[in-house]
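Q: no sequence for this one, just the structure:
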């Protein structure tokens, strides 16, 4: 069956225009090829055991490095960024802290809803009766998101392992649409602009950034407070500060975030109840209140039991 005729340039511009209209802050497109260099870096990272308890990182390695195994016949990888730098900060003094990406509604829900609208436009130029030519991803499948964002010209991977966009900084969510539709590709790359700066490495309280772009999850506060189902090692406790879900320290100290613009997505704003949380209210949370506060929140990933475990872990420092 002959493919429907379409203008690659016109469709590419339409996709990027839609992305902007939907609230994405940047959009780039790369050709769907194998990521050989990034695959080797992943292998080295796994060999060193830096994945800690994240066994899923060891699975589907081939799919992580070749999008054509996720979407057979894939031609293009559309990469989108959405800023989540908060216009307001939650009270931190004498209080427990959570990572900024968890302030509002879970980004998986927010981004996926928008991605599917773009996919509908791609569906319009595909062959009828052959199924959807595209799939949407956002941190929910074996995709090397930062590598694809870098390849699509949306920034560079900093020494803290985060994608850094020259205008937006690193407080960005990354999403992808892998499609069998051929589009125009962004070939201009952003050079590594970390220079001699090591502020993220120096500021990491648990020394989890062992070298530029090398993060050992076994020492990472984010891993221990979100992914792990075990209490963090006692030797790290005094370095956790007041963090009970995630950690932004390596991003907060990054010079590229000094002028990061605040986001404009209402769904990412913390609700009034979360803004009024105190240390005492965190400690007195019960399962019912947890569900009320964090319905469709990224904090659900830690679970009620995990969050309370993190709080009790930090309380062991009291009186020392």
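A: Yes, it's here. The structure displayed is predicted, hence computed values, not measured ones.
Q: For residue 310, the count of nearby residues, please.
A: Other residues near residue 310 number 25, with proximity taken as other Cβ atoms under 10 Å. From N, CA and C alone the C-beta is placed, and that goes for glycine too.
Q: So for this protein, the centremost residue is which one?
A: residue 173 (4.8 Å; Cα atoms, centre = their mean).
Q: quick one: pLDDT of that one?
A: As predicted, residue 173 sits at a pLDDT of 98.
Q: by contact count, what packs against whatever helix or strand it lives in?
A: In this structure, residue 173 sits in strand 172-179 according to DSSP states H and E. Helices and strands touching strand 172-179, as assessed by 3 or more Cβ pairs under 8 Å, 6 or more residues apart in numbering; DSSP states H and E, comprise strand 76-83, helix 107-124, strand 134-137, helix 145-151.
Q: Format the ones you listed as JSON lines; extra columns: mean pLDDT.
A: Shown next, in JSON lines, are the helices and strands packed on strand 172-179 (pLDDT from 0 to 100):
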{"stretch": "strand 76-83", "mean pLDDT": "98"}
{"stretch": "helix 107-124", "mean pLDDT": "94"}
{"stretch": "strand 134-137", "mean pLDDT": "95"}
{"stretch": "helix 145-151", "mean pLDDT": "97"}
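Q: Please identify the deepest-packed of the ones you listed.
A: Ranked by mean neighbour count under mean count of other Cβ atoms under 10 Å, those are led by strand 76-83, which reaches a mean of 27.
Q: With residue 312 as the reference, measure out to residue 222.
A: Separation of residue 222 from residue 312 (Cβ to Cβ, to the nearest Å): 19 Å.
Q: make that residue 276, sorry
A: Applying Cβ to Cβ to residue 276 and residue 312 gives a distance of 22 Å.
Q: Likewise for residue 13?
A: Spatial separation of residue 13 from residue 312 under the definition Cβ to Cβ is 53 Å.
Q: Same question for residue 118.
A: Plainly put, residue 118 is 43 Å away from residue 312 if you go by Cβ to Cβ.
Q: now the least confident helix or strand in the chain by mean pLDDT, how far from the centre of its chain.
A: The weakest-scoring helix or strand in the chain, judged by mean pLDDT, DSSP states H and E, is helix 61-65 (a mean of 89). For helix 61-65, the gap between its own C-alpha mean and the chain's C-alpha mean amounts to 18 Å (Cα atoms, centre = their mean, to the nearest Å).
Q: for that helix, packing partners?
A: Counting contacts by 3+ Cβ pairs under 8 Å, 6+ apart, helix 61-65 is packed against helix 36-47.
Q: What is the helix it packs on packed up against?
A: Secondary-structure packing of helix 36-47 (3+ Cβ pairs under 8 Å, 6+ apart): helix 61-65.
Q: Contacts made by the helix it packs on with the rest, please.
A: 34-36, 38-39, 42-43, 46, 69-70, 141-144 (Cβ atoms under 8 Å, 6 or more residues apart in numbering).
Q: Kindly reformat those residues as JSON lines containing distance to residue 59, pLDDT and neighbour count.
A: What follows is the contacts of helix 61-65, written out as JSON lines (distance: Cβ to Cβ, whole Å; pLDDT from 0 to 100; neighbours: other Cβ atoms under 10 Å):
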{"residue": "34", "distance to residue 59": "18", "pLDDT": "96", "neighbour count": "13"}
{"residue": "35", "distance to residue 59": "17", "pLDDT": "95", "neighbour count": "20"}
{"residue": "36", "distance to residue 59": "19", "pLDDT": "93", "neighbour count": "9"}
{"residue": "38", "distance to residue 59": "17", "pLDDT": "93", "neighbour count": "18"}
{"residue": "39", "distance to residue 59": "14", "pLDDT": "91", "neighbour count": "17"}
{"residue": "42", "distance to residue 59": "12", "pLDDT": "92", "neighbour count": "19"}
{"residue": "43", "distance to residue 59": "14", "pLDDT": "91", "neighbour count": "12"}
{"residue": "46", "distance to residue 59": "11", "pLDDT": "91", "neighbour count": "14"}
{"residue": "69", "distance to residue 59": "13", "pLDDT": "95", "neighbour count": "14"}
{"residue": "70", "distance to residue 59": "13", "pLDDT": "94", "neighbour count": "20"}
{"residue": "141", "distance to residue 59": "11", "pLDDT": "87", "neighbour count": "15"}
{"residue": "142", "distance to residue 59": "7", "pLDDT": "90", "neighbour count": "18"}
{"residue": "143", "distance to residue 59": "13", "pLDDT": "94", "neighbour count": "25"}
{"residue": "144", "distance to residue 59": "14", "pLDDT": "95", "neighbour count": "19"}
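Q: Among those residues, pick out the one closest to residue 207, please.
A: Of all the contacts of helix 61-65, residue 207 sits closest to residue 46, with 20.2 Å by Cβ to Cβ.
Q: follow-up on the earlier one: among residue 222 and residue 312, which residue is more densely surrounded?
A: Counted by other Cβ under 10 Å, residue 222 and residue 312 do not tie: residue 222 has more neighbours, with 19 against 12.
Q: didn't the more buried one look like it was pressed against residue 98?
A: No - no contact is recorded between residue 222 and residue 98 when judged using Cβ atoms under 8 Å, the distance being 10.8 Å.
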